[in-house]
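A.B. asks: Fold the following, please.
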Amino acid sequence: VQVVTLTPAIRQERGVQVAQGVLIYDLGDDTRRATGLAPGDVREVWRNGVDLLAVLEHDAQAGAIEPNHTLLGGIRTRGIIVTAPSDSAEHDFVSRFFGPASGVPEDPVTGSAHCTSVPFWAKKLGKSDLVARQISKRGGTLWCTHAGERVILRGRCAEASGISATSLRAGVGPARIASR
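C.D. replies: Numbering: from 1, shown residues only. Predicted structure coming up:
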């Protein structure tokens, strides 16, 4: 499946580089407690219109998170994307997505989260083609392209609970999904 979004990517705003939103400097005590992250674990925090993007130093930190889903459900955001550069040569970055406020304690592979993380990592790593690994229990690999104001996601998918690929929408803006 290939997903092409029309969601804006990274843009310049008042001299500060932003990824679909605003750079914020603190994850907040409630969110840190809910995710189990210590203050020193988080390098950067970004916010788009619906999610927080917390950037960690190492992928092992992201894999070790044991969130408190009850506390996460009280965080006022659609979801929390936790990401880090990959320590593996096979992937550019790893991520996890927690969205209990949306009824998703942890999503196995999240296209909409990659519509935020791909522009961030493309800018950070200086390349437009990236390989992402979502390290949930089920997990999955996405081959991603940052194409200006679009993000193209490719990967394998399975039908879940009667939801077909044609009924999905990725990102904040409209999306086109095509079989590959």
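
A.B. asks: Please make it C-alpha for all contacts and neighbour counts, starting now.
C.D. replies: Fine.

A.B. asks: In space, what's closest to Asp129 - neighbours in sequence excluded?
C.D. replies: Leaving aside its chain neighbours, Asp129 sits nearest to Thr145 (4.5 Å; criterion: Cα to Cα, 6 or more residues apart in numbering).

A.B. asks: Need the pLDDT of the one you found.
C.D. replies: pLDDT recorded at Thr145 is 95.

A.B. asks: I figured it was touching Gly155, is that so?
C.D. replies: No: contact criterion Cα atoms under 8 Å: Thr145 and Gly155 do not qualify, at 11.9 Å.

A.B. asks: and Gln134, how many neighbours?
C.D. replies: Gln134 has 24 neighbouring residues, counting by other Cα atoms under 10 Å.

A.B. asks: Quick check, it in contact with Gly111.
C.D. replies: No: here Gln134 lies out of contact with Gly111, judged by Cα under 8 Å, at a distance of 10.1 Å.

A.B. asks: thinking again about what came up before, give me the more crowded residue out of Thr145 and Gly155.
C.D. replies: Thr145 (21 against 17).

A.B. asks: Kindly state the beta-bridge partners for the more buried one.
C.D. replies: Asp129, Ile152 (DSSP bridges).

A.B. asks: Could I get the contacting residues of it?
C.D. replies: The neighbourhood of Thr145, defined by Cα atoms under 8 Å, 6 or more residues apart in numbering, consists of 118, 128-130, 151-153.

A.B. asks: could you redo the last one with a cut-off of 6 Å?
C.D. replies: With contact taken as Cα atoms under 6 Å, 6 or more residues apart in numbering, Thr145 is in contact with 128-129, 151-152.

A.B. asks: for the top helix by length along the chain, what is the average pLDDT?
C.D. replies: Ranked by number of residues, the top helix in the chain under DSSP state H is helix 111-125. What helix 111-125 shows for mean pLDDT is 93.
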